[in-house]
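Chemist: here's a sequence, model it:
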Amino acid sequence: MSFSGSYRTGEVDILLTPLPLQDFVDIPEKERLIQSGQRHYSEMLSPESLPSARYLDVFRTACVINGERMARDCLRLAHLIAARRAGAITLVSLARAGTPVGVVVSRLLNELLQRPCTHYSVSIIRDRGIDKVALNHILARHPAQSIVFVDGWTGKGVIACELASTIADFNTQHDTAIDAGLYVLSDLAGVAACAASCDDYLIPSSILNATVSGLVSRSILNDAIGPNDFHGCVYYAQFAPQDQSQAFADDLVSQAGKLRLAAAEPIDKDAAARVSRQFIAESLSKYGILDVNLVKPGIGEATRVLLRRTPRLLVLRDAAAPEVAHLSLLAEEKGVPVHIDPALPYYAVSLIRSAADA
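Modeler: All right, here's what the predicted structure looks like:
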């Protein structure tokens, strides 16, 4: 089964299996199970809570400050996709950070660029790959050459590499030729096939969880999912009164419709990749970290840590920058220590607390 979350019917087919609101694991226990190797992160879900009134104000401010930039980058991505695909386009966003971007980009392709586009949102999980049941569902309805994968941003590039690896295996096993290239708004790791920029900027949708992503949780892959099922999720219907998803997408589409794209500045993916590799290596050494998965660079990834994991430290380049106001507030609310590093190549980095930390 597919559903559209809290988006209008036709804006996205979310290829996830809604699961009951049960078996939540609190964040400290989830962290212990993940880091001890007893459970994979995708097998568990911690309950989400609605943002505080102060935090919601920060989200609204982020929309005012950077909504136009996100709209411009969505429009740029739509043009880049249109230039690289002939005929109808099958947009496949990676749930869930890619879902709001996919909703906007697909509408821009359909409504502004007059390019027929169907949008699906599917699960991809680190170390476990893309949802092959969902992929087969799409291929039964659309040609492989029409598929374009979309996400919000890259952090270290882990998901882009996961996508490339699992699609390569899928192509070999099924004699298909799906292009595994990832299209994103911001490519910090320099690994995307196509990006609107390589800048670490505040993408407003990165601030919220389900209430900006169609009321859908991150994806789940545990024993509740059968071999012929899509990966799972929880649908937070009870959050509907506070949902921002549809209004946020509508506003971005409206803003994009009023923009004229100037020539894009050249993107230096190689430089972004070098900065990323050097930063990760230095961070592992500086903070005594053995697991690279505990380092989360960039605003988007840093935000996810403070919302969903057990943070050890939040590092900011400039605590007064409006781009990190929401992170400062989250750190205050959750009692997370903050370190200022003016030499940081990104606006923000979060470090996840290791099970070995005192």
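Chemist: got the domain ranges for this structure?
Modeler: 13-257, 269-352 (automatic domain parsing).
Chemist: want to try JSON lines for these, with distance to Ser4 as columns?
Modeler: The way it works is simple: take the backbone N, C-alpha and C, and place the C-beta from them, glycine included. Compiled in JSON lines, those are given as follows (distance: least, C-beta to C-beta, whole Å):
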{"stretch": "domain 13-257", "distance to Ser4": "6"}
{"stretch": "domain 269-352", "distance to Ser4": "24"}
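Chemist: which one of the ones you listed lies closest to Tyr7?
Modeler: domain 13-257 (5.2 Å; C-beta to C-beta).
Chemist: off-centre distance for the closest one?
Modeler: 5 Å (C-alpha atoms, centre = their mean, to the nearest Å).
Chemist: so how far is the first residue of that domain from its last?
Modeler: 24 Å (C-alpha to C-alpha, to the nearest Å).
Chemist: could you do stretch 318-330 as well?
Modeler: Length of stretch 318-330, first residue to last, C-alpha to C-alpha: 16 Å.
Chemist: thinking again about what came up before, how about the domains of the chain in a markdown table, adding mean neighbour count and distance to Ser2?
Modeler: Output for those, formatted as a markdown table (neighbours: other C-beta atoms under 10 Å; distance: least, C-beta to C-beta, whole Å):
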| stretch | mean neighbour count | distance to Ser2 |
| --- | --- | --- |
| domain 13-257 | 20 | 4 |
| domain 269-352 | 18 | 25 |
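Chemist: turn those into TSV, including distance to Gly5 and mean pLDDT.
Modeler: Listed next are these as TSV, based on distance: least, C-beta to C-beta, whole Å; pLDDT from 0 to 100:
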stretch	distance to Gly5	mean pLDDT
domain 13-257	3	94
domain 269-352	18	95
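Chemist: just the strands in the protein please.
Modeler: Assigned by DSSP state E, the chain shows strands spanning 13-14, 17-18, 89-95, 117-125, 129-130, 147-154, 182-187, 194-197, 232-233, 295-297, 311-316, 338-340, 348-352.
Chemist: compare these and give me the one nearest Phe24.
Modeler: Between the strands of the chain, strand 232-233 lies closest to Phe24; by C-beta to C-beta that is 13.2 Å.
Chemist: quick one: the residue most central in space within the chain from Asp26, how far?
Modeler: The centroid of the chain falls nearest to Ala97 when counting by C-alpha atoms, centre = their mean (2.7 Å). According to C-beta to C-beta, to the nearest Å, Ala97 and Asp26 sit 23 Å apart.
Chemist: and Val349, by the same measure?
Modeler: Val349 sits 25 Å away from Asp26, going by C-beta to C-beta.
Chemist: now swap in Pro322 and tell me
Modeler: In terms of C-beta to C-beta, Pro322 sits 32 Å off from Asp26.
Chemist: make JSON lines out of the strands of the chain and add distance to Ile280.
Modeler: JSON lines is the format used below for the strands of the chain (distance: least, C-beta to C-beta, whole Å):
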{"stretch": "strand 13-14", "distance to Ile280": "32"}
{"stretch": "strand 17-18", "distance to Ile280": "34"}
{"stretch": "strand 89-95", "distance to Ile280": "21"}
{"stretch": "strand 117-125", "distance to Ile280": "21"}
{"stretch": "strand 129-130", "distance to Ile280": "22"}
{"stretch": "strand 147-154", "distance to Ile280": "13"}
{"stretch": "strand 182-187", "distance to Ile280": "15"}
{"stretch": "strand 194-197", "distance to Ile280": "19"}
{"stretch": "strand 232-233", "distance to Ile280": "30"}
{"stretch": "strand 295-297", "distance to Ile280": "6"}
{"stretch": "strand 311-316", "distance to Ile280": "13"}
{"stretch": "strand 338-340", "distance to Ile280": "17"}
{"stretch": "strand 348-352", "distance to Ile280": "10"}
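Chemist: contacting residues for the residue nearest to Tyr55 when sequence neighbours are not counted?
Modeler: Closest residue to Tyr55 apart from its sequence neighbours, by C-beta to C-beta, 6 or more residues apart in numbering: Leu329 at 5.8 Å. Residues near Leu329 by C-beta atoms under 8 Å, 6 or more residues apart in numbering: 54-55, 58.
Chemist: same check on Ala319?
Modeler: Contacts of Ala319 by C-beta under 8 Å, 6+ apart are 328, 338, 340.
Chemist: nearest to Ala177 among these?
Modeler: Nearest to Ala177 among the contacts of Ala319, with distances taken as C-beta to C-beta, is Ser328, at 46.6 Å.
Chemist: so who does Gly98 touch?
Modeler: 121, 150-152.
Chemist: next one: it relative to Leu77, how far apart?
Modeler: Taking C-beta to C-beta, one finds Gly98 at 11 Å from Leu77.
Chemist: give me the common contacts of those two.
Modeler: Joint contacts of Gly98 and Leu77 (C-beta under 8 Å, 6+ apart) are Val150.
Chemist: let's see stretch 74-87 as CSV, backbone CA atoms only.
Modeler: C-alpha atoms of stretch 74-87 as CSV (Å, rounded to 0.1, in the frame of the first residue of the first chain):
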residue,chain,number,x,y,z
CYS,A,74,14.4,23.6,-5.6
LEU,A,75,13.8,25.4,-8.9
ARG,A,76,17.4,25.0,-9.9
LEU,A,77,17.2,21.3,-9.1
ALA,A,78,14.0,21.0,-11.2
HIS,A,79,15.8,22.6,-14.2
LEU,A,80,18.8,20.4,-13.8
ILE,A,81,16.7,17.3,-13.7
ALA,A,82,14.7,18.4,-16.7
ALA,A,83,17.9,18.9,-18.7
ARG,A,84,19.1,15.4,-17.8
ARG,A,85,16.0,13.4,-18.5
ALA,A,86,13.9,13.0,-21.7
GLY,A,87,10.2,12.3,-21.5
